[in-house]
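J.: sequence and predicted structure, then a few things I'm wondering about:
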Amino acid sequence: MLQFATKASSESIAAPISLPEFQAATERTGKFFYAITTDDPAHFVRMMEAWFAGVMEKSDPLVWAGCVEVLCSSGMKEQPLFKEMVITLASIADAYASRLQQEIHSAK
């Protein structure tokens, strides 16, 4: 869906995600999820502030509420691979968001 949606904006953004892009996005996503499960309060605060500044202040909170509702109401949370599914979906979204951000910066 993200590939289809971004095609209207840019063919380069809509290209399939490469393995290195996905690995980098997964590393960023993993750091975020580590932050919400760690006992290191300073790390948790840094990651949450970065997430809030980078995501919540630049997007519609209703979109995020909708995403959370889909994950909670679909029965996905009860699946054995729930954690891996969420990290994979978040990593794909992160890869496309990074492409969009790079294109915005290169246009300036």
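T.: Looks like it came in fine.
J.: now do the helices in the chain.
T.: Under the criterion DSSP state H, the chain contains helices at 2-7, 11-14, 19-35, 41-54, 61-73, 82-107.
J.: got the buried residues for the fourth one?
T.: Spelled out, it's helix 41-54. Neighbour-count burial for helix 41-54 flags Met47 (criterion: 16 or more other C-beta atoms under 10 Å). For glycine as for every other residue, the C-beta is placed from the backbone atoms N, C-alpha and C.
J.: quick one: low-confidence parts of the protein?
T.: Across the chain, the ranges flagged by pLDDT under 70 are 35, 51, 54-64.
J.: can you list contacts of stretch 88-105?
T.: Contacts of stretch 88-105 with the rest of the structure, by C-beta atoms under 8 Å, 6 or more residues apart in numbering, involve 2-3, 6, 9-10, 12-13, 17, 21-22, 24-26, 28-29, 32.
J.: redo that, cut-off 10 Å
T.: 1-3, 5-6, 9-10, 12-15, 17-18, 21-30, 32-33, 54-55, 58-59, 67, 71, 76, 81 (C-beta atoms under 10 Å, 6 or more residues apart in numbering).
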